[in-house]
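*Asks:* Sequence and predicted structure below; questions after.
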Amino acid sequence: MNSTLPGAPWLIAHRSMLGINKPYKLKLNGQDYVLWQNPAGEIAALENICPHMQAPLSEGWICEVNNSITCPYHALEFDRAGRLLKHGLAKGEPLANKLELVVQGDLIWTYGEHEPRLPIPDLLSSRTEGFRFLGITGDRTIEAAFLRCIRINYDFNHQNGVHRELFRIQENPVELFEKNGFEASVIQTFIRSENSLSEILKNLSLLTLPKQIRNELDYSFPSTILFRARLPLGEVLQAFILYPESEHQTRTFVLFYGNLQSPLFILPGLRNVLERSLLNSTAKVVEQDTNAVASLYPAQKPKIRLPKEEILTYAEKLYHDW
């Protein structure tokens, strides 16, 4: 298949997603890969195809002694360079294709099999300083092409519809939109109506949300959107990540960070309950976006234009001009 945005940097995983000595399978631009991490934190990646009889390496196991992966079919062992091992020694040239990675702290990036056209953005490393990592949420495949998926993240009119049931958003005026090449910044405010008691009991994170939520968004095209909001309990920062699995599938996950402070946290377990609830709410947001995008009919030329669509148009232009 033709690659989506060849030469773009893709954030394909957070270190916590890999575990230790556990094969982790992912798909990027139609190709399956297997990643693994050893106890020293070193991360390796190969195409997920044994060069003997094309068995999926991700179904095999990791040899801790040799930091290698073993094929589940004939127990052939390959090192991190893709070379066949025999009695722990590499034999000949690489046979399994290696995926080049760029590991920055806990973030695992790749350009796939293409020459870089953009540098790895420093958006996450610079903006998450002082925040505590709370976890991964919303990790799922969207049955839609990549362009449709980035469109909803740049669409400032969809919250009133797609997320109304969850957050009761009535309006979301945009105060600022600035763009600088492949980077952009937005300041907006969510104006909400009251949630019912039954909604709050089902989702305790709604207790943390005021009637007006002023938030900042920072975009690094094409993969990363940072959402930062100040709540009565402190600040939350969500990194919405996208990368193309195939022509008609897109992978997404959210890295959730928090800087939550409250005297109420002296109550045993309350912090954990609220943090889990915030993660679950974000997963619900991803689910709602996923369902909305996947249910769209084939694209046609819009006959209606809405306010604030210059932000969406900016992302579409970057995509088509690539």
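*Replies:* That came through, no problem. Remember, predicted model here, so these are calculated numbers, not experimental data.

*Asks:* need the next SSE after the helix or strand Glu275 falls within, C-terminal direction.
*Replies:* Here Glu275 sits within helix 270-294, counting by DSSP states H and E. Scanning forward in sequence from helix 270-294 by DSSP H and E, the next helix or strand is helix 309-321.

*Asks:* Quick one: residues in contact with that following helix.
*Replies:* If you take Cβ atoms under 8 Å, 6 or more residues apart in numbering as the criterion, helix 309-321 is touched by 5, 147, 150-151, 153-157, 174, 177, 179, 182, 184, 186, 219, 221-222. Backbone N, C-alpha and C define where each C-beta goes, glycine included.

*Asks:* Can you say which of those residues are buried?
*Replies:* 5, 147, 150-151, 153-156, 177, 179, 182, 184, 186, 219, 221-222 (16 or more other Cβ atoms under 10 Å).

*Asks:* returning to that earlier point: which ones among the contacts of helix 309-321 are found in strands?
*Replies:* Among the contacts of helix 309-321, DSSP state E puts 174, 177, 179, 184, 186, 219 in strands.

*Asks:* for these, which one is nearest Ile12?
*Replies:* The closest of those to Ile12 turns out to be Tyr219 (Cβ to Cβ; 18.7 Å).

*Asks:* what pairs with the nearest residue to that closest one once chain neighbours are set aside across the strands?
*Replies:* Distance criterion Cβ to Cβ, 6 or more residues apart in numbering; nearest residue to Tyr219, sequence neighbours excluded, is Ala184 at 4.2 Å. Ala184 has these beta-bridge partners by DSSP bridges: Lys179, Tyr219.

*Asks:* picking up where we left off before, from the ones in strands among the contacts of helix 309-321, which is closest to Arg80?
*Replies:* Tyr219 (33.7 Å).

*Asks:* so what's that closest one up against?
*Replies:* Taking Cβ under 8 Å, 6+ apart, we find Tyr219 in contact with 153-154, 183-186, 225-226, 315.

*Asks:* any idea how far the spatially most central residue of the chain is from Val186?
*Replies:* The chain has Ile241 as the residue nearest its centroid, 2.5 Å off, counting by Cα atoms, centre = their mean. For Ile241, the distance to Val186 (Cβ to Cβ, to the nearest Å) stands at 18 Å.

*Asks:* With Asp122 instead?
*Replies:* Distance, Asp122 to Val186, by Cβ to Cβ: 19 Å.

*Asks:* Helices along the chain, start to end?
*Replies:* Using DSSP state H, the helices of the chain run over residues 123-127, 146-153, 159-162, 164-167, 197-202, 270-294, 309-321.

*Asks:* most tightly surrounded among those?
*Replies:* Mean neighbour count (mean count of other Cβ atoms under 10 Å) peaks for helix 146-153 among these, with a mean of 20.

*Asks:* ok and that helix relative to helix 270-294, angle-wise?
*Replies:* Per axes from the mean of the first three to the mean of the last three Cα atoms, to 10 degrees, the angle that helix 146-153 makes with helix 270-294 is 130 degrees.

*Asks:* Just want the angle from helix 146-153 to helix 309-321.
*Replies:* Using the same axes, to 10 degrees: helix 146-153 against helix 309-321 is 160 degrees.
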